[in-house]
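1. Quick one, structure for this:
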Amino acid sequence: MHGVTVTSGVPAGVPSVRAGADRRGPEAAPQGVPPRRIAAVAVALAALLAGPAAAAPPDPLRALRLDARAAVREHPGMWTGASVARGERAVVVGSPRPLVAEIAALAGRAGRTVTRVWGGRGGAVVLVPRTEEQAAVLAAPAKVEGLAALATGGRVIVQPAAFARLSATGRLVVVTHELTHVATAGPRAVPMWLMEGFADYVGYLDSGLPVRTVAAELAADVAAGRAALGGLPGPADFAARPAQAYEEAWLACRYIAARFGEPRLVALYRAALREEIGAALREELGLTADELTRAWRSWARERLARP
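-> Numbers count the residues shown, from 1 in each chain. Predicted coordinates:
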């Protein structure tokens, strides 16, 4: 894959980590692998993540390399047999090697989209553990259940079994979504509808998927005459009806971009990082939250009802 350098972290034949095999937790050393070998794994991966020689040009991935090295050292037993892929905009550590290379390439495409919309580099460290249990350790205190990937602490953590079930388009959407979260992190929490809706807006931007496909659950509700499209979704909605909540958030951000232009949607998000959302809406869109809700619901219903 163009632009992706993949290297193996340790010699072949080292046993895989077996999550929780002896109740020491997912990051425990694999059975039969002595602690010296685990230490050697950390050293080997750290060497692979080392930067260019002093005389070489500056490395644009230097900050990501340093963070990837830190991640490996936090849980050295988790990365036995792992590979490292240094892509255009990401450093990916994990297993199996083909998946690591694929994610590095996807992150390159995703990062370019994030940069085009938001600015910045659009990159991140991506960790690909072998099991959901290991992903849970890396993500804690965030939860990984039901997720293909998540962004936390400036890193993206892939939940391997769920990620493997995605289509090629789905994988790109997920990686772009999570890189958007990394890029847009700030000192102030924005409302959940804007945070998740904007990440999905960027994630689906180049997918070519129609509205009724992306918002399939809401489209089905509209077609069946069931109640659909409430207010701007909050944490309780994302917990109780996650599919519909994500779709509503995405549609709200898509509506803002359609009516006011993408730069105004970006400006709204940046304003929400500085001030309360009501003030940001008035400043950037000239709307209250209630006015925005009425407008996007009418716009969304029309598009969801189309055959």
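2. in the protein, what spans have low per-residue confidence?
-> Within the chain, the ranges that satisfy pLDDT under 70 run 1-58, 227, 307.
3. what ranges do the strands span in it?
-> Under the criterion DSSP state E, strands of the chain are mapped to 5-8, 83-86, 90-94, 124-128, 149-152, 155-158.
4. For Ala90, give the beta-bridge partners.
-> Bridge pairing for Ala90 (DSSP bridges) gives the partners Ala124.
5. Run a quick neighbour tally on the residue nearest to Gly120 when sequence neighbours are not counted.
-> Nearest residue to Gly120, sequence neighbours excluded (CB to CB, 6 or more residues apart in numbering): Ala183, at 5.3 Å. Any C-beta I mention is one placed from the backbone N, CA and C, and that applies to glycine too. Ala183 sits with 22 neighbouring residues when counted by other CB atoms under 10 Å.
6. got a list of what Ala183 touches?
-> Neighbouring residues of Ala183 by CB atoms under 8 Å, 6 or more residues apart in numbering: 114, 118, 120-122.
7. Which stretch among the strands of the chain approaches Val222 most closely?
-> For the strands of the chain, the distance to Val222 is smallest for strand 149-152, at 29.1 Å, taking CB to CB.
8. Go ahead and name everything in contact with that closest one.
-> Residues outside strand 149-152 that contact it (CB under 8 Å, 6+ apart) are 124, 139, 142, 144, 156-159, 162-163, 174-175, 177-179, 181-182, 185.
9. do the same with stretch 229-236
-> 191-193, 218, 222, 237, 244-245, 248-249, 252, 289, 292-293, 297, 300-301.
10. of those residues, buried ones?
-> Among these, those classed as buried by 16 or more other CB atoms under 10 Å are 191-193, 218, 222, 237, 244-245, 248-249, 252, 292-293, 297, 300.
11. Of these, which is the nearest to Gly108?
-> Gly108 lies nearest to Ala249 out of the buried ones among the contacts of stretch 229-236, by CB to CB, at 26.4 Å.
12. residue boundaries of the helices in the stretch 101-250 of the chain?
-> Secondary structure of the stretch 101-250 of the chain (DSSP state H, counting those that start in this stretch): helices at 132-139, 160-164, 168-184, 192-204, 211-214, 216-224, 235-240, 242-260.
13. Give the other helices and strands that the first one contacts.
-> Other helices and strands packing on helix 132-139, by 3 or more CB pairs under 8 Å, 6 or more residues apart in numbering; DSSP states H and E, are strand 155-158, helix 160-164.
14. Check the ones you listed for me and report the most buried one.
-> For the helices and strands packed on helix 132-139, average neighbour numbers computed from mean count of other CB atoms under 10 Å are highest in strand 155-158, which has a mean of 26.
15. what does that one rub up against?
-> Counting by CB under 8 Å, 6+ apart, 67, 71, 94, 103, 124-129, 135, 138-139, 144, 148-151, 175, 178-179, 182 sit against strand 155-158.
16. Quick check: neighbours of that strand in the sheet, parallel or antiparallel?
-> Strand 155-158 is paired, per DSSP bridges, with strand 124-128 (parallel), strand 149-152 (antiparallel).
17. Adding distance to Ala199 and mean neighbour count, write those out as TSV.
-> Supplementary listing: those in TSV, determined by distance: least, CB to CB, whole Å; neighbours: other CB atoms under 10 Å:
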stretch	distance to Ala199	mean neighbour count
strand 124-128	13	27
strand 149-152	9	21
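18. Using CSV, please lay out the ones you listed together with distance to Ile277.
-> Formatted as CSV, the strands paired with strand 155-158 follow (distance: least, CB to CB, whole Å):
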stretch, distance to Ile277
strand 124-128, 26
strand 149-152, 21
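19. For Ala90, which of those strands is the nearest?
-> strand 124-128 (5.5 Å).
20. what comes into contact with that closest one?
-> 64, 67-68, 71, 89-95, 99-100, 103-104, 107, 138, 151, 154-158, 160, 175, 178-179, 182.
21. among those residues, which ones are buried?
-> Buried members of the contacts of strand 124-128, scored by 16+ other CB under 10 Å, are 64, 67-68, 71, 89-95, 99-100, 103-104, 107, 138, 151, 155-158, 160, 175, 178-179, 182.
22. any idea which residue sits dead centre in this structure?
-> Central residue of the chain (CA atoms, centre = their mean): Glu178, 1.7 Å from the mean position.
23. Against Ala168, how distant is that residue?
-> To Ala168, Glu178 is 16 Å away according to CB to CB, to the nearest Å.
24. Kindly report the same for Val214.
-> Going from Val214 to Ala168 by CB to CB gives 16 Å.
25. ok, and for stretch 254-273, which residues are buried?
-> For stretch 254-273, burial by neighbour count (16+ other CB under 10 Å) applies to 254-257, 260, 262, 265-273.
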